[in-house]
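Return atomic coordinates for the entry below.
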Amino acid sequence: MTPPTVLLVRPLPSQQNQSMERYSDELAEALTRLGRVRIEQIGPPPASWGRLPFAAGLERRLQRFVGYRRQLARREADLFHITDHSFADLAAVLPPERTIVTCHDLILLRAERDHLDFRGSSAMVRLFQRRVAHLRDVAHVACISEQTRTDLIELIGVDPSRTSVIPNGVDPRFTPLASERRAKLRAEIAPDDVAVILHLSTGARSKNTEGVLRTIAALRQRETDAILLRAGRPLSAEQRTLAESLGITGSMRELGRVADERLVELYNLADVLLFPSHYEGFGWPPLEAMACG
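Below you'll find the model as predicted:
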């Protein structure tokens, strides 16, 4: 008997979608390993105007809202799984009774309603609202935490009977390293008497990067010698100006996007993970850090 086909509908790759890319990768790998279904994957069509910088924004919108929909509407599957709720609007071209979506967080809507310490622009919030409204129409929504499920029901009005909580797991590669290797990695970054603080960020305003910078400045005022390792999206111009005004640029190292293998090393060599987000749907880094000891 031929196993049913599940088509994983992936997000558009971007700097801010790293965790969504990982979720899609690991879900595909895990379902394939189970062997009960046949996994196929689809992503946005490739860009073709990349050599024209002025057209990049337009092309990205055409790729996202026109090309991807057309491509998806031609595909057949027993079940369609949109792996990122930000792409829930793609459900408009899919059979709702055979479509499920993973909802990771509704931070923008929660911040708008509860006036948290950060807010999205009005245009961004309106666009997000139109996208996630489709979550009311699909067969099922898998939430990565109880808080996300609560937000989904409360802020969008999804029928609770069509929701479930499936927490994220941690890849086995996130594990403590041998003490000798850990010491060697640590020595490459800073002396033993300097605290190594790790911060991971997609650059989203909810990640509270400004709070991280002020924390490092406060440590320096208390004469605590520390170095900040930042992995992920680099500081914005405004954040860099803040770091300069706080006098901490010499205590920072920007690492950019790092591979998971390097991330495991960073978790192991750091003395502490600093993750002061204003709000999270789940928050992978604390769990990964604990898994690394």
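
Find the residue closest to residue 205 in space, skipping its chain neighbours.
Spatial nearest neighbour of residue 205, excluding adjacent residues (Cβ to Cβ, 6 or more residues apart in numbering): residue 118 at 4.2 Å. In this view, the C-beta of every residue, glycine as well, is placed from N, C-alpha and C.

any idea of the pLDDT on the one you found?
Here the pLDDT value assigned to residue 118 is 76.

and it, how many residues sit next to it?
17 (other Cβ atoms under 10 Å).

Check the one 5 residues further on too.
Counted with other Cβ under 10 Å, the burial measure for residue 123 works out to 8 neighbours.

roughly how far apart are it and residue 130?
Shown here: residue 123 relative to residue 130, a distance of 11 Å by Cβ to Cβ, to the nearest Å.

same deal with residue 42?
22 Å.

Who has more neighbours out of the two?
With neighbours defined as other Cβ under 10 Å, residue 42 and residue 130 compare such that residue 42 has more, 17 against 11.

That one touches residue 9, doesn't it?
Yes. Contact criterion Cβ atoms under 8 Å: residue 42 and residue 9 qualify, at 5.8 Å.

Need the residues touching each of the two.
With contacts defined as Cβ atoms under 8 Å, 6 or more residues apart in numbering, the residues shared by residue 42 and residue 9 are residue 72.

quick revisit: my guess is the residue nearest to residue 205 contacts residue 278. True?
Yes. Contact status for residue 118 versus residue 278: in contact at 5.3 Å, counting by Cβ under 8 Å.

what do the two both touch?
Common contacts of residue 118 and residue 278 (Cβ under 8 Å, 6+ apart): 111, 205, 206, 208.

ok, of the residues you listed, which one's closest to residue 32?
residue 206 (32.3 Å; Cβ to Cβ).

Double-check that that closest one belongs to a helix.
Yes. Checked against DSSP: H, G, I helix; E, B strand; the rest coil, residue 206 lies within a helix.
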